[in-house]
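*Asks:* got a predicted model here, sequence first, then my questions.
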Amino acid sequence: MNLDFLNETLASDPRPLVVEFWAPWCAPCRRMAPLLEKNSAQYADRVRLIRVNADEEIDLVRSLQVKGIPTLIAYTKEGEVQRITGALNATQLQTFFAALAAGEQPPKPGIAPQDRVLRLFSGAALTVLGLGFGPVWWLVILGAAITFSGVYDRCPIYRAVAPRVKTLLRIP
């Protein structure tokens, strides 16, 4: 598969296209596979799915700048509309396919509540440890960064600055 095939696929069918990049050794990919197949079958008349083995299609992975797997890239006739790296659960995949089938922008999944709590507590613990031993500034900074990773998606300053930085750095 190459970019020409992808462009021809997009041009030949008006349905949105979901391209999943996966690998046989990737445990999250294997967990998502039956969920993807279920949603693909449920929305077959409105959304297409192509699964790409990242180990076999290295040139395509590089040309589309796929940085990790699993990665889902949603396309419409306008081009790429969403890119999600990381595993999605059943509800997130259902929402993703339903939005595409309805002609809407799929929502970007947020941090799971248990991940948010884990990040907040571990970041706070590292910060406290860093302040308690000296202070050890690299530990304080690491703790603060981990804590921020638990709330970044809710931070209005981050929301305002992130798109500009991504545009500047040309990050999709």
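*Replies:* Nice, thanks for sending it over. In this text, all values refer to a predicted model and were calculated from it rather than measured experimentally.

*Asks:* after the lengthiest helix in the chain comes which helix or strand?
*Replies:* Criterion DSSP state H: the longest helix present in the chain is helix 113-132. Beyond helix 113-132 on the C-terminal side, the first helix or strand identified by DSSP states H and E is helix 137-149.

*Asks:* contacting residues around the longest helix of the chain?
*Replies:* The contact list for helix 113-132 (C-beta atoms under 8 Å, 6 or more residues apart in numbering) reads 111, 136-151. (Glycine included, C-beta is placed from N, CA and C.)

*Asks:* could I have the buried ones of those as PyMOL selection syntax?
*Replies:* In PyMOL, this line selects whichever of those come out buried by 16 or more other C-beta atoms under 10 Å:
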select buried, resi 111+139+140+142+143+146+147+149+150
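
*Asks:* got the CA positions of stretch 124-141 in PDB?
*Replies:* Output of stretch 124-141 as PDB, limited to C-alpha atoms (Å, rounded to 0.1, in the frame of the first residue of the first chain):
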ATOM      1  CA  ALA A 124       2.400  15.200  43.600                       C
ATOM      2  CA  ALA A 125       4.500  12.500  45.300                       C
ATOM      3  CA  LEU A 126       7.500  13.200  43.200                       C
ATOM      4  CA  THR A 127       7.200  16.900  43.800                       C
ATOM      5  CA  VAL A 128       7.000  16.400  47.600                       C
ATOM      6  CA  LEU A 129       9.900  14.000  47.500                       C
ATOM      7  CA  GLY A 130      11.900  16.600  45.500                       C
ATOM      8  CA  LEU A 131      11.100  19.400  48.000                       C
ATOM      9  CA  GLY A 132      11.800  17.200  51.000                       C
ATOM     10  CA  PHE A 133      15.400  16.200  49.900                       C
ATOM     11  CA  GLY A 134      17.200  19.300  49.500                       C
ATOM     12  CA  PRO A 135      15.400  20.500  47.200                       C
ATOM     13  CA  VAL A 136      16.200  18.300  44.300                       C
ATOM     14  CA  TRP A 137      15.000  20.500  41.500                       C
ATOM     15  CA  TRP A 138      15.000  17.900  38.700                       C
ATOM     16  CA  LEU A 139      12.600  15.800  40.800                       C
ATOM     17  CA  VAL A 140      10.400  18.800  41.500                       C
ATOM     18  CA  ILE A 141      10.200  19.600  37.800                       C
END
